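Asker: Fold the stuff below for me.
(chains A and B)
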Number of protein chains: 2
Amino acid sequence: MTPPKTESCSFPLVITDQSSMRKWSRTVRHRQGLTLALVPTMGYLHRGHIALIEEARKHADAIVVSIYVNPGQFAPSEDLSTYPRDFPGDLEKLRVLGCVNAVFCPRDLYDYRDAGSRGGRRDEGGVAARSCVEERECGHETWVRVERLEKGLCGKSRPVFFRGVATVVCKLFHVVEPDVAVFGKKDYQQWRIIQRMVRDLDFDLRIIGSEIVREDDGLAMSSRNVNLTPEERQKALSISRSLSMAKHAAENGEHGCQILKDSVIRAIEEAGGRIDYAEIVEQDTLEAATEIRSPVVFCVAAWFGKVRLIDNMEIDS
Amino acid sequence: MTPPKTESCSFPLVITDQSSMRKWSRTVRHRQGLTLALVPTMGYLHRGHIALIEEARKHADAIVVSIYVNPGQFAPSEDLSTYPRDFPGDLEKLRVLGCVNAVFCPRDLYDYRDAGSRGGRRDEGGVAARSCVEERECGHETWVRVERLEKGLCGKSRPVFFRGVATVVCKLFHVVEPDVAVFGKKDYQQWRIIQRMVRDLDFDLRIIGSEIVREDDGLAMSSRNVNLTPEERQKALSISRSLSMAKHAAENGEHGCQILKDSVIRAIEEAGGRIDYAEIVEQDTLEAATEIRSPVVFCVAAWFGKVRLIDNMEIDS
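Answerer: A predicted model of the protein is given here:
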């Protein structure tokens, strides 16, 4: 397999299994001496993802985009089955973009049935080789926990979420072996958790946080936006608008977090949204702030109909 | 830094920091094209460790022995402070052995104060860079959990133990980047947990289980044996002797696990030992067996005075 040259790449190579992915990465990194960036996604790509890829270009010679809807981060009650998917459309977007060298779209990252036949991964001593994701009760049982950062915000209503995210990202790092990985700051807590995991487990790679991309009217880009009705979508603007107003107020002297939170909660509820949480937390520790005295981030999760949206704004003043 | 050639190595290189370790490993593996084995230890080396190193020689061109008493696997109530240490003695043993290329003896694997100054590990976005081990309340918060295998046997009385082992081994794998790692089957549950972690997290390396090494009188080699009084040491022979008798009985038709367990418990208690557990479990899943119909392992932990000893025997009939 000859990896496409970075400059002339016009169509990404599609890689569907772990050993081919690792082999390609090592060829690119060790033989060609290029640096490699990974942009992990769950597909249904929008301009937010494109911004991640453009950020990745600044930091590495070659880019892998992974597309994998990770069952390990969805509870059985959540929207795994309705999570939007469009692999042909995604591939076309990446082809048009032109700078992505490879797309890694594994069929199942938790199926270990052929683990014994993969070079270097044979278990000595007869460990059962058949497994699937935990929800399928098929044998995967190793989970990476970032025990403090995973607790608050989205971790409260989605207790398996960050365990699943950290674990699948750990797996992707081991398979793709990138020098750099890019995560969107829209998933602010996720970004911080991955940073902490990389430090605590001595991964040799750099995590880049990429700024939120918004629609012209302010709605933060999300694959789930497509599941909003036109009416819900209009109401959902209350999130970004109230966050902007709170940020403006904070930057103009209103440093009381409860007052700022109340204003956002009121605006979203008046628009018909159901608040999951609205919290102002320290940017690095994600611990709740009562007054804005250091860099904080205002994080919101709210339901509009059957769709749960998240958004946040950093306040540095 | 020029790594010593495998053939002529007579004194191991001593490496004390992560970035030098990784750099050395990459030179050996990528430039010299050698395969690398890691033998993780907590030092105070005995013939059991030497057997691990000899096993490693069969599977790789070059060998790293790590020596690190990992605070992450000790509860505050346990014997971290009295765990025996003798680094000069260990180094002399490895020098005499002659086949170990490098000794990795980091000062503190949970001190991230200079993380920002290490190449490729800089946190983007201001994560607090100071941390120590969790028990020191200094910031490390990422733990690898092998959720089923960690629960039984030693996991019952040592709830933080396997979390700490899996995590530090994950860190060591990321720093040393070996092709092969060797673990002793004396720590049977640990060996199975590391195998499972490697499979579930897609590590690209092979785990080798190395057989138990015993003193001439049958006592399983352990760094902790030195803490036994001569009298306790004599009494502790009841573990290996009763296990041998149970194995012999099983191989000659006694397939009832309760009868076999009772005989071992009785023998150890009569010798003055205090049983932590005595269990017969399936070799791959570590689930309790009631009858011996498939490959099992008879695992025992018992206290003699202030020393907790473990031992096990596989029964394949």
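
Asker: all strands for the stretch 51-200 of chain A, in order.
Answerer: A:62-67, A:102-104, A:142-146, A:180-184 (DSSP state E, counting those that start in this stretch).

Asker: Please apply the same query to the stretch 201-317 of chain A.
Answerer: Using DSSP E, counting those that start in this stretch, strands in the stretch 201-317 of chain A cover A:206-210, A:274-282, A:296-304, A:307-315.

Asker: Would you format the ones you listed as JSON lines with mean pLDDT included?
Answerer: JSON lines is the format used below for these (pLDDT from 0 to 100):
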{"stretch": "strand A:206-210", "mean pLDDT": "97"}
{"stretch": "strand A:274-282", "mean pLDDT": "98"}
{"stretch": "strand A:296-304", "mean pLDDT": "98"}
{"stretch": "strand A:307-315", "mean pLDDT": "97"}
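
Asker: okay, those, which one's buried deepest?
Answerer: For those, the largest average neighbour count (mean count of other C-beta atoms under 10 Å in any protein chain shown) is found in strand A:296-304, namely a mean of 24. In this view, the C-beta of every residue, glycine as well, is placed from N, C-alpha and C.

Asker: Please name the strands paired to it in the sheet, noting orientation.
Answerer: strand A:274-282 (antiparallel), strand A:307-315 (antiparallel) (DSSP bridges).

Asker: For that strand, what is the distance to the chain centroid?
Answerer: The chain centroid and the centroid of strand A:296-304 are separated by 16 Å, computed with C-alpha atoms, centre = their mean, to the nearest Å.

Asker: What count of nearby residues applies to the nearest residue to residue A:153 once chain neighbours are set aside?
Answerer: Residue nearest to residue A:153 in three dimensions, not counting chain neighbours: residue A:189, with 5.0 Å by C-beta to C-beta, 6 or more residues apart in numbering or on different chains. By the criterion of other C-beta atoms under 10 Å in any protein chain shown, residue A:189 has 25 neighbours.

Asker: go on, the one 3 residues further on?
Answerer: Each residue near residue A:192 was counted by other C-beta under 10 Å, and the total is 28.

Asker: likewise residue A:190?
Answerer: 23.

Asker: do residue A:201 as well
Answerer: For residue A:201, using other C-beta under 10 Å, the count is 24.

Asker: can I get the strands of the stretch 201-317 of chain A in TSV with distance to residue A:110?
Answerer: Rendered in TSV, the data for these read as follows (distance: least, C-beta to C-beta, whole Å):
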stretch	distance to residue A:110
strand A:206-210	24
strand A:274-282	28
strand A:296-304	27
strand A:307-315	24
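
Asker: show me the contacts for residue A:286.
Answerer: A:149, A:152-153, A:189, A:192, A:297 (C-beta atoms under 8 Å, 6 or more residues apart in numbering or on different chains).

Asker: now swap in residue A:271 and tell me
Answerer: Residue A:271 sits in contact with A:235-238, where contact means C-beta under 8 Å, 6+ apart.

Asker: hang on, the earlier thing: of the strands of the stretch 51-200 of chain A, give the one that comes closest to chain B.
Answerer: Chain B lies closest to strand A:142-146 among the strands of the stretch 51-200 of chain A, at 3.5 Å (C-beta to the nearest C-beta).

Asker: I'd say residue A:292 and residue A:283 touch.
Answerer: No - taking contacts as C-beta atoms under 8 Å, residue A:292 lies outside contact range of residue A:283: 11.1 Å.

Asker: what pLDDT does residue A:125 get?
Answerer: Note on residue A:125: pLDDT of 37.

Asker: just so I have it, where are all the helices in chain A?
Answerer: Applying DSSP state H to chain A gives helices spanning A:18-26, A:47-59, A:87-97, A:154-157, A:161-176, A:188-200, A:230-251, A:257-270.

Asker: out of those helices, which comes closest to residue A:276?
Answerer: Proximity to residue A:276, assessed across the helices of chain A by C-beta to C-beta, is greatest for helix A:154-157 (5.4 Å).

Asker: buried sites along that closest one?
Answerer: A:154-155 (16 or more other C-beta atoms under 10 Å in any protein chain shown).
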